[in-house]
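Participant: Okay, predicted coordinates and the sequence, questions at the end:
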Amino acid sequence: MNRVGWALRSLVFVLFLVLTVVPWASAIVLAAPFASPTALYWGCVRWLRVALWGCRTICGVRARVRGMENVPGADGGRAVLLAPKHQSIWETFALPTLMPRPLAYVFKRELLHIPFFGWAMGRLDMIHIDRSKRAEALTLVAEQGRRLFAQGVWVIMFPEGTRTPRGSQGRYKSGAARLALAAGVPILPIAVASARCWPRRSFLLRPGIVDVVIGAPIAPQGRSPEDTMRAVERWIEAEMRRIDAPAYRDAAAPDRGC
């Protein structure tokens, strides 16, 4: 398919997102005073499944997931902190649909101002931080994270903090390891090669396969947060170079299509 075809399909997909998120988010906002946080969460996940169906059907973006045996079960399974590679919007949509427990994202407060989508997020029990107040944000993440884990909710933090271009590597911050150590939970490292089909800061999607690989849990006990995060970084980046080797061989063009 040529670039014009990709653009047309991407435009149809964006329209599909808008036409579905407006009524869905409106329903979440209206239901918030009457529904439990868990019911609201799974209601939002149902929209995410619809969005991913549209992504697959309209744009030809499919997923190939490996390592689900490393994910604890929904009943009686141990809590984990998810630490995924972050390349595009795709994984923020996909990961809640893969996990058996509710997830609480740690995200910047500005996202709450996005019409409909952000308004619905604001009704969920998640951790939204002010990045300009780093010390306050770290305290909030620690306090809210421990509370959520105690309630059976898993926390998800992108260790690089923001989306990175295909074939590149950001600086892995130790916040996720600090929270995991404080809460006594292991970190689940996740490699996601999503930018090959959905580049960051773009809605021009290309058909192809998004590889997702979930690693074995990494325990933070007995080591420093920095050492824990280095172990997470080594696993994710080695796996990224395995599942998307061409991007790392040609880092001069990190956002090209598959």
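Facilitator: Thanks, I have the structure now.

Participant: can you confirm Ile190 is in a strand?
Facilitator: Yes - the assignment for Ile190 is a strand, going by DSSP: H, G, I helix; E, B strand; the rest coil.

Participant: what's the distance between it and Tyr248?
Facilitator: As judged by Cβ to Cβ, to the nearest Å, Ile190 and Tyr248 stand 18 Å apart. Where C-beta positions appear, they are placed from N, C-alpha and C, glycine not excepted.

Participant: more neighbours, the two?
Facilitator: Higher neighbour count among Ile190 and Tyr248: Ile190, with 27 against 16, using other Cβ atoms under 10 Å.

Participant: ok, how many other residues are close to the nearest residue in space to that one that is not next to it in sequence?
Facilitator: Distance criterion Cβ to Cβ, 6 or more residues apart in numbering; nearest residue to Ile190, sequence neighbours excluded, is Pro84 at 3.8 Å. By the criterion of other Cβ under 10 Å, Pro84 has 23 neighbours.

Participant: in the stretch 51-200 of the chain, what spans have low per-residue confidence?
Facilitator: Scanning the stretch 51-200 of the chain for pLDDT under 70 picks out the ranges 74-77, 131-136.

Participant: ranges for the helices of it?
Facilitator: Listed in chain order, the helices of the stretch 51-200 of the chain (DSSP state H, counting those that start in this stretch) span 90-98, 117-121, 134-150, 175-183.

Participant: which residues sit against the shortest one?
Facilitator: Going back to what we said before, that points to helix 117-121. With contact meaning Cβ atoms under 8 Å, 6 or more residues apart in numbering, helix 117-121 is reached by Val21, Trp24, Ala25, Ile28, Val29, Cys44, Phe107, Leu111, Leu112, Ile114, His128.

Participant: of all those, which comes closest to Glu233?
Facilitator: Phe107 (20.8 Å; Cβ to Cβ).

Participant: didn't the closest one look like it was pressed against Leu124?
Facilitator: No - in this structure, Phe107 is not within contact of Leu124 by Cβ atoms under 8 Å, at 10.7 Å.

Participant: Next, show the common contact partners of the two.
Facilitator: In contact with both Phe107 and Leu124: no residue, using Cβ under 8 Å, 6+ apart.

Participant: contacting residues around the residue positioned nearest the centre of the chain?
Facilitator: For the chain, Thr92 is the residue whose C-alpha lies nearest the centre (Cα atoms, centre = their mean; 3.4 Å). Thr92 makes contacts with Tyr105, as judged by Cβ under 8 Å, 6+ apart.

Participant: give me that answer again for 10 Å
Facilitator: Leu48, Pro84, His86, Leu103, Tyr105, Phe107, Leu111, Ile156, Phe158, Arg163, Ser194 (Cβ atoms under 10 Å, 6 or more residues apart in numbering).

Participant: separation between the last one and Trp235?
Facilitator: When you say that, I think you mean Ser194. Counting by Cβ to Cβ, the gap from Ser194 to Trp235 is 18 Å.
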